[in-house]
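Enquirer: no sequence for this one, just the structure:
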């Protein structure tokens, strides 16, 4: 589920919890020019998965909870994401 990197700069970013559980496009907090994906479990963000990583690797990162107290910036899911990815 890649998204165009140029969207990273023209997207509205939010802080705080997203509206539902699931995968969300996020900014990487160290590399602000990098798009990542994180799983939101309703309470805690997962570690970041990158677009070049496999689904198995993303699932691995989804099991790991972010412990650093950083403001994760997230944006709405792209319209081209499959309906099943939306919760």
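Expert: Done, it's in. Quantities reported herein were computed from a predicted structural model and do not represent experimental measurements.

Enquirer: can we go C-alpha only for contacts and neighbour counts from here?
Expert: Noted.

Enquirer: any idea which helix is longest in this protein?
Expert: If you go by DSSP state H, the chain has its longest helix at helix 55-62.

Enquirer: show me what that helix is packed up against.
Expert: In terms of contacts (3 or more C-alpha pairs under 8 Å, 6 or more residues apart in numbering; DSSP states H and E), helix 55-62 is packed against strand 49-50.

Enquirer: what packs against the strand it packs on?
Expert: Secondary-structure packing of strand 49-50 (3+ C-alpha pairs under 8 Å, 6+ apart): strand 35-40, helix 55-62.

Enquirer: not counting residues beside it along the chain, what's closest to residue 12?
Expert: In space, and not counting its chain neighbours, residue 12 is closest to residue 75: 6.4 Å by C-alpha to C-alpha, 6 or more residues apart in numbering.

Enquirer: ok, now residue 63?
Expert: Of all residues not flanking residue 63 in the chain, residue 46 sits nearest, at 6.7 Å (C-alpha to C-alpha, 6+ apart).

Enquirer: who's in contact with the one you found?
Expert: Residues near residue 46 by C-alpha atoms under 8 Å, 6 or more residues apart in numbering: 38-40, 61-66.

Enquirer: try residue 72
Expert: 15-16, 26-29.

Enquirer: quick check: beta-bridge partners of the residue nearest the centre of the chain?
Expert: The chain has residue 37 as the residue nearest its centroid, 2.8 Å off, counting by C-alpha atoms, centre = their mean. Listed beta-bridge partners, residue 37: residue 25, residue 49 (assigned using DSSP bridges).
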